[in-house]
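Engineer: this is the structure alone, sequence omitted:
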C-alpha cells in the first residue's frame, strides 16, 4: 500500500506523468516536485511533441516549480523522476540548489553519474524507488518501437 | 572590420544579445545559432526575469533554433555564445548534436570543461573569439552589482 506521503507515493505520481508521455508517443519519463508534502509541479518528456531536446520531464518540472514558488531556487523541494537525470537535467538541478532528488530507474549510459555531472553540494540523492515499474514502462516502449520499425 | 560571415561577425551578434540581457538587469550572456551563414535563433539570459534557472541564453537559442528548423537536431548549425556553456547547456547541446560551438570568454569555475561535461562526439569547439569584449561586459556587470550592494 502507498502511504501518503512516502517516496513510493510520490514516485507513483511521477509514473503517472510517464504514462502521460507514453500517451503522446514520447519516451515515457515523468517527474514531480514536492514541497512540504505537496506536489507543486509536474512534467513529462515532450521532446518529440515540442521538437525540442531541452523538453525533458525534469526541465518542465523545474520551470513549473519555480513559477509556482515565485523564486528560482528549489531549496526545500524534492524532485521525483522515473529515470536517472541526464547531464542537462542534473546541470539544471545543480543551479536550482534542490534539496533532494529521488529517481527510480538508473540510466547506465546517459545518466548523470556515468557522465560525471556535478550536483549541488547541498543536494541529497535517493534512487531505486519503484525501479522495476520505472524501468518496465521504458522497456515496453522501446520493445514496441522496435516492433514498429 | 567584421567580415560577414566570420566567427567575429556572429560573436558580435551574440554580444548584442548579452547587451539585451544587461538592459534587463540580467547577467549579460548572449547567444545566436547560425545555419548556412544565417542567424536562425537568438537568446539571452533571462533567469531573473523568468525566475527560472533553466533560462540561460543557450537554452533559449536551442529551443528557438529547433522551432525554426522544425526538428530537434541542430546538426548543421553553429552556436555562438559569449560565455563558455555550463553543465546544463552543454548537456542540452549534447542532445542537439550541434555541429559546432564557438564561445567567447572562458568560465573557469562553472564552465563545462572544468565540470567535465561531455559534448556530442560530432561537435567541434572553438573559443576565445572576442574574448575580451565577452569578459568585459560580465566584469562590468559584477563590479556595478558589488557597488550597489
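Structural biologist: Cool, the structure landed. Note that this is a predicted model, so its numbers are computed, not measured.
Engineer: ignoring the adjacent residues along the chain, who's closest to the spatially most central residue of chain A?
Structural biologist: Residue closest to the mean C-alpha point of chain A, counted by C-alpha atoms, centre = their mean, is residue A:81 at 2.5 Å. With sequence-adjacent residues excluded and distances taken as C-beta to C-beta, 6 or more residues apart in numbering or on different chains, residue A:81 is closest to residue A:31, at 4.1 Å. Glycine gets a C-beta too; all of them are placed from N, C-alpha and C.
Engineer: my guess is the one you found meets residue A:16, correct?
Structural biologist: No: if you go by C-beta atoms under 8 Å, residue A:31 and residue A:16 don't touch, sitting 10.8 Å apart.
Engineer: quick one: common contacting residues for the two?
Structural biologist: Common contact partners of residue A:31 and residue A:16 (C-beta atoms under 8 Å, 6 or more residues apart in numbering or on different chains): none.
Engineer: so between the two, which is more surrounded?
Structural biologist: Neighbours per residue (other C-beta atoms under 10 Å in any protein chain shown) separate residue A:31 from residue A:16, with residue A:31 holding more: 31 against 14.
Engineer: ok, the helix or strand hosting the more buried one: who's next to it in the sheet?
Structural biologist: Here residue A:31, judged by DSSP states H and E, is contained in strand A:30-35. In the sheet, strand A:30-35 lines up against strand A:38-44 (antiparallel), strand A:77-83 (antiparallel) (DSSP bridges).
Engineer: would you mind finding the most buried of those strands?
Structural biologist: Ranked by mean neighbour count, the strands paired with strand A:30-35 are led by strand A:77-83 with a mean of 28 (mean count of other C-beta atoms under 10 Å in any protein chain shown).
Engineer: what's next to that strand, contact-wise?
Structural biologist: By C-beta under 8 Å, 6+ apart, strand A:77-83 touches A:7, A:10-11, A:13-15, A:17-18, A:28-35, A:40, A:57-58, A:61-62, A:65, A:89, A:93, A:98-105, A:107, A:111, A:129-130, A:134, A:137-138.
Engineer: try 7 Å this time
Structural biologist: Residues from elsewhere that reach strand A:77-83, judged by C-beta atoms under 7 Å, 6 or more residues apart in numbering or on different chains: A:10-11, A:13-15, A:18, A:29-35, A:57-58, A:61, A:65, A:93, A:98-105, A:107, A:134, A:138.
Engineer: quick check: mean pLDDT of stretch A:35-50?
Structural biologist: Per-residue pLDDT over stretch A:35-50 has a mean of 97.
Engineer: er, stretch A:133-141 I mean
Structural biologist: pLDDT averaged over stretch A:133-141 gives 98.
Engineer: what do you get for stretch A:105-116?
Structural biologist: Rounded mean pLDDT across stretch A:105-116 is 98.
Engineer: hmm, who's touching that stretch?
Structural biologist: A:82-87, A:90, A:127, A:131, A:134-135, A:138, B:116, B:118.
Engineer: try 8 Å
Structural biologist: A:82-87, A:89-90, A:119, A:127-128, A:131, A:134-135, A:138, B:91, B:116-118.
Engineer: cross the residues you listed against helices and list the overlap.
Structural biologist: A:87, A:89-90, A:131, A:134-135, A:138, B:91 (DSSP state H).
Engineer: in stretch A:102-119, what's buried?
Structural biologist: A:102-107, A:110-112, A:115, A:117-119 (16 or more other C-beta atoms under 10 Å in any protein chain shown).
Engineer: let me fix that: stretch A:22-39
Structural biologist: Using 16+ other C-beta under 10 Å as the test for burial, stretch A:22-39 gives A:22, A:26-35, A:39.
Engineer: using TSV, please lay out these together with distance to residue A:148.
Structural biologist: Output for the buried residues of stretch A:22-39, formatted as TSV (distance: C-beta to C-beta, whole Å):
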residue	distance to residue A:148
A:22	14
A:26	15
A:27	14
A:28	15
A:29	20
A:30	22
A:31	26
A:32	30
A:33	33
A:34	36
A:35	40
A:39	33
